[in-house]
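Chemist: compute the structure for the input listed below.
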Amino acid sequence: THLKPSVTPDPRWPTEILRENRRRGARKRPRGKRAGVRNRLRARAHRAPLPSILLANVQSLDNKLDDLRARIKFQRDIRDCNLLCFTESWLNPAVPNHAIQPAEFFSVHRMDWTADSGKSRGGGVCVMVDNSWCNNANVVTLACSCSPNLELLALKLRPFYLPREFTSVIINTVYIPPQANMDTALWELHEALTQFQAQHRDAALIVVGDFNSANLKRAVPNLYQHVTFPTRGNRTLDHCYTPYKDSYKALAHPPFGKLDHAAIFLLPKYKQRLKREAPVQREVTRWTDQSVAALQDALDDADWDMFRRSTDDVSEFTEAVVGFIGKLVDDTIPRITIKKFSNQKPWVDRTIREALNSRTAAYNAGIISGNMDEYKSAAYGVRRAVREAKRCYGKKLETQFQQSGSRSLWQGLRMITDYRSPPSGLMSADESLANELNTFFARFEATSSSANASSTNANGASANSANANGASANSANANGASANGTIGAANGTCAGPTIEQRPLIITESDVRRVFKRVNTRKAMGPDGICGRVLKACADQLAPVFTDIFNLSLTLGIVLSSFKRSTIVPVPKKPRPSDLNDYRPVALTSVVMKCFEKLVRDFITSSLPASTDPLQFAYRHNRSTDDAIAHLLHTTLTHLDEGRGNYVKMLFVDYSSAFNTIIPSLLTTKLGDLGLHTSLCDWISNFLTDRPQSPLPALTPLSSFADDTVVVGLISDNDERAYLEEIKHLENWCQENNLLLNVSKTKELIVDCSKKQERHYQPVRISGTTVERVDSFRYLGVHISQDLSWSRHTSSLAKKARQRLYHLRRLRDFRLPSKVLRNFYTCTIESILTGNITVWFGNSTKQDRQALQRVVRSAERITHSELPDLQTTYYKRCQTKARKIVKDPTHPNNRLFSLLSILLANVQSLDNKLDDLRARIKFQRDIRDCNLLCFIESWLNPAVPNHAIQPAEFFSVHHMDRTADSGKSRGGGVCVMVNNSWCNNTNVVTLARSCSPNLELLALKLRPFYLPREFTSVIINTMYILP
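Modeler: Sure, this is the predicted structure:
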């Protein structure tokens, strides 16, 4: 029996006391430890993953000792705090440490003001370490700096407990005075932090202090700031920075004494990696030389004719072959189950585990017997085992990094950093969600089917007639420049009718070649045949699959087993809230991908050369920087042509462009291009009657780029041509079943006129107004409305700094400098120099310095000199210019004109003037020549320039012989510049040299026209004596 309570509950009682009557069988609240960061810290005061910190600006620590001692005595959080960090301690060397020690279990470390600080008093920082958390013997001072701009005390601590991912803790206590130069202070602090991170890669870096108006994220963008509330008035002067997101929770405490500067208590929120990530248990296949040889023998003995005789249906024949191969793989290749923990180091092997067990046994035996000699010997054995394991692992990594290919590079890096992909947002799903996603992904199927059924030859003709609209984009003020082509290029039309190509016949050598090039890292499709099987057994499988591929092409059908795919919904963001937040990724058969590559190569080799010049995707000698450069050149040229001109850019986005293709229209266009009828039927069958929707993306035949921008060059506020071109684009999309995503379509306006205010006409598509933005990320480059590059360079610097961590990991394994430089070139320099020919020339000095700081940080890590960005920019510009000049079909080729130079050894220019003047008068090439360069001019200073001027439109620059040349006569070089090409005021003499070995005249010229990637022309005319 249960006793009734003697006190009747009163509703006026607090909710903590009032107990609600629960019905019988109701679930009770589980009992356990209270949650919360503060409660976790109190339970593990000196065993927290990161130290708890009290940060305060005390302004004379000596006067605040009583307040500090009282807090330590009566406040549990302060008494158990691991680190006490104080700025403006106002201490001097005459004050001993024991005089300011608040309790016997705190050790004092401080940096007092010096004469170098430029202050007569004030300043100073002090750090007190709780000995229960870290012994004083394990505290090392890394830096003590006291300058007029920065006061820094950096300590390296090895506490009794640390998570396995950290080797030590580096606490940096900073004070930046209000009158300091903030840029200089941040530069000094950046240099110190970079050095600490390079020397102690796995240390937990913490930066705390009074920063006043400085912001450390400007110099080190990859740090997180954890103090989010005002600390003095309405300003946040005290900051706490770490490289880990959500590692601290800041609480405001009362200030010390009568100050108005609040103290900050930092509670560690960081969770160990072992607690954040659960152990991974998976089943893997053991591919050994013996198992591969056994599989090859089994396939050699297979009788493929038996499968051919068993059925006349090619689909059943393919299903039987694929099933038989899968059964052989399952029976031949062994499989094992492995379990891996998140904090497990990659170099830990069985030898280290045995050494650790031996050390533990020796320690337990030593505690009982009192003799610790065996324990010391076992401890030294663990160190030797770790060093040997790291050395062997380093050699393995070095071998992997010396191999060519980005895959081996990143695979080695994953092994070093123990990198794991972030968990997917789709943790668990029921059948209803799968059905909803299937319906959503197939939303275009009904539209495409109805459009396909109703499409006729008239529809095909109307689709092709849209090419005229695309052509008008290039002739009117609305120029259409796109990454993958204009509207006309998308139609796939050509100049005239073409002859139908021969049918495609695949040979056994082609199949064997494509099988041997299979990427074994790619996931397999629903047929269960992985890429390793095709690559290892290419000789055995090529004959049977050659027959299957040719049968498929002859019949004009794609086998049902090749059409199947596994649709994996991949979240576009960490927490998806809508069905549109999932991206369908189709895992198709690896055999079908090889088949598609063979068909793709044949189609691309058969296409005519009449593709639209503004199509930059999937074309030889075209890239994203070509598309962006053409777009910017068109924009800047129009802005320079007249005052009041402005440019409108419409960045178009399509909704699932590849999924809305009408197969009948595509087949008609492919036939117009000259492809064989059987191949057109095969492609039509490839796009239809698929068991899953949508169509698989990023396969060899479905690579699709739809990044398009319509550029309107507006003069006299006349936007009619621009709006008409957008209307043509909308009509063309409707005729070709393309859906414009108006919500993601953006408009950017570039207008350099500041005196007059304009009222721009809004763009409307399907009745919806297009959003106007100040900046847009187009093909990986942030384009702003003022054509500045600060936002783009800051994003590059942030991304490159994140990869410096991987470079430090490599250096920690003592890999050679050559390997480190190779990794820097592949992973960091590739980010900093992406599309550098487009934006670097017009970036500001501050933006270039921010990027160059990343390069200098990498130089400290690699201990070698790395190429600066300016040099790389010049080299890339020269390489790009050469490629464009050699390609007459490139749209930017017309912007380059080769410099015409006449070079001659005249041996007395004075005697050859009549001949030169006659050539200039009667020979057009010599008259229009930009530069006339003569050696052995035999001139002297007594000859004036006008006496040797061949025509009034040439300016003369010459270097005559001098006494230093050691010659009594002869020598001398002369350069004549055509004023129609470069004005004489834009010619600067860089060097004049006349020695017994070399005569040199170097001129720097700024002609009226130069490509944007060049700032000037430097012509060096020299004569080396025999």
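Chemist: so what pLDDT did residue 215 get?
Modeler: Listed pLDDT for residue 215 reads 90.
Chemist: sorry, that was for residue 166
Modeler: 90.
Chemist: the closest residue to it other than its chain neighbours pairs with what?
Modeler: What sits nearest to residue 166 in space, not counting adjacent residues and going by Cβ to Cβ, 6 or more residues apart in numbering, is residue 204, at 4.6 Å. (C-beta placed from N, C-alpha, C; glycine too.) Beta-bridge partners for residue 204, by DSSP bridges, are residue 169.
Chemist: so what's residue 204 up against?
Modeler: 50, 162, 166, 168-170, 242, 244 (Cβ atoms under 8 Å, 6 or more residues apart in numbering).
Chemist: same question, residue 651
Modeler: So residue 651 contacts 707-709, 745-748, 776, 778 (Cβ under 8 Å, 6+ apart).
Chemist: ok, those vs residue 615, which is closest?
Modeler: residue 708 (10.4 Å; Cβ to Cβ).
Chemist: beta partners for the closest one?
Modeler: Applying DSSP bridges, one finds that residue 708 bridges with residue 482, residue 652.
Chemist: quick one: it and residue 778, what's the gap?
Modeler: 10 Å (Cβ to Cβ, to the nearest Å).
Chemist: tell me which of those two has more neighbours.
Modeler: residue 708 (22 against 19; other Cβ atoms under 10 Å).
Chemist: quick check: that one touching residue 652?
Modeler: Yes. The pair residue 708 / residue 652 is scored as a contact, 4.4 Å apart, by Cβ atoms under 8 Å.
Chemist: spit out the residues that contact those two alike.
Modeler: Common neighbours of residue 708 and residue 652 (Cβ under 8 Å, 6+ apart) do not exist.
Chemist: give me phi/psi at residue 137?
Modeler: Backbone torsions of residue 137, given as degrees, to the nearest 10, read phi -70, psi -20.
Chemist: that one: neighbour count?
Modeler: Residue 137: 9 neighbours (other Cβ under 10 Å).
Chemist: could you do residue 550 as well?
Modeler: 17.
Chemist: helix or strand next in line after whichever helix or strand it is part of, which one?
Modeler: Using DSSP states H and E, residue 550 sits within helix 538-555. Counting by DSSP H and E, the next helix or strand C-terminal to helix 538-555 is helix 560-563.
Chemist: what packs against that next one?
Modeler: If contacts are counted by 3 or more Cβ pairs under 8 Å, 6 or more residues apart in numbering; DSSP states H and E, helix 560-563 sits against helix 314-332, helix 590-606.
Chemist: average pLDDT for the next helix or strand after the longest one?
Modeler: Just to be clear, that refers to helix 314-332. Remark: after helix 314-332, the chain's next helix or strand is strand 335-340, criterion DSSP H and E. For strand 335-340, mean pLDDT is 82.
Chemist: got the contact list for strand 335-340?
Modeler: 279-286.
Chemist: and what of stretch 981-996?
Modeler: Contacts to stretch 981-996, defined as Cβ under 8 Å, 6+ apart, come from residues 930, 955, 957, 959-962, 964-967, 971, 977, 999-1008, 1017-1018, 1025.
Chemist: return the subset of those lying in strands.
Modeler: 955, 957, 959, 977, 999-1005, 1017-1018 (DSSP state E).
Chemist: report the contact partners of the closest residue to residue 1016 other than its chain neighbours.
Modeler: Leaving aside its chain neighbours, residue 1016 sits nearest to residue 1006 (5.1 Å; criterion: Cβ to Cβ, 6+ apart). By Cβ under 8 Å, 6+ apart, the residues touching residue 1006 are 982, 986, 1015-1017.
Chemist: flag the least confident of those residues.
Modeler: Least confident of those in the model: residue 1015, at 79.
Chemist: how close does that one sit to residue 857?
Modeler: For residue 1015 relative to residue 857 (Cβ to Cβ), the value is 28 Å.
Chemist: of the contacts of residue 1006, keep whichever come out buried.
Modeler: 982, 1017 (16 or more other Cβ atoms under 10 Å).
Chemist: ok, the contacts of residue 1006 vs residue 193, which is closest?
Modeler: residue 1015 (35.3 Å).
Chemist: pLDDT at the residue lying closest to the closest one once chain neighbours are set aside, what is it?
Modeler: Spatial nearest neighbour of residue 1015, chain neighbours left out: residue 841 (7.4 Å); criterion: Cβ to Cβ, 6+ apart. Note for residue 841: predicted pLDDT of 83.
Chemist: what are the ranges of the helices in the stretch 851-1000 of the chain?
Modeler: Using DSSP state H, counting those that start in this stretch, the helices of the stretch 851-1000 of the chain run over residues 869-886, 913-922, 924-927.
Chemist: quick revisit: the residue nearest to residue 1015 - how many residues pack around it?
Modeler: Close neighbours of residue 841, defined as other Cβ under 10 Å, add up to 15.
Chemist: distance of it from residue 786?
Modeler: From residue 841 to residue 786 the distance is 16 Å (Cβ to Cβ).
Chemist: same check, this time on residue 295
Modeler: Taken as Cβ to Cβ, the span from residue 295 to residue 786 is 62 Å.
Chemist: these two: who's more crowded?
Modeler: residue 295 (22 against 11).
Chemist: name the nearest residue to the more buried one, ignoring sequence neighbours.
Modeler: That would be residue 332: by Cβ to Cβ, 6+ apart, it lies 4.6 Å from residue 295.
Chemist: now do residue 557
Modeler: Spatial nearest neighbour of residue 557, chain neighbours left out: residue 685 (5.0 Å); criterion: Cβ to Cβ, 6+ apart.
Chemist: got a list of contacts for the strand or helix carrying that neighbour?
Modeler: Residue 685 belongs to helix 677-687 when assigned by DSSP H and E. Applying Cβ under 8 Å, 6+ apart, the external contacts of helix 677-687 come out as 500, 503-504, 552-554, 556-558, 563, 599, 602-603, 661, 663-664, 666-667, 670-671, 695, 701.
Chemist: go through that helix and flag the buried ones.
Modeler: 679-680, 682-687.
Chemist: before we move on, what about stretch 575-583?
Modeler: Buried residues in stretch 575-583, defined by neighbour count with 16+ other Cβ under 10 Å: 576, 582.
Chemist: what are the ranges of the helices in the stretch 151-300 of the chain?
Modeler: Using DSSP H, counting those that start in this stretch, helices in the stretch 151-300 of the chain cover 182-199, 273-276, 289-300.
Chemist: the longest one - what's its average pLDDT?
Modeler: So that's helix 182-199. 88.
Chemist: what residues sit buried inside that helix?
Modeler: Buried-residue list, helix 182-199, by 16+ other Cβ under 10 Å: 182, 185-190, 192-194, 196-199.
Chemist: domains for this protein, by residue range?
Modeler: As assigned by automatic domain parsing, the chain contains the domains 39-276, 280-411, 455-495+611-654+706-787, 790-889, 897-1024.
Chemist: the fourth one: how far from the chain's middle?
Modeler: Right, domain 790-889. Distance of domain 790-889 from the chain centroid (Cα atoms, centre = their mean, to the nearest Å) equals 12 Å.
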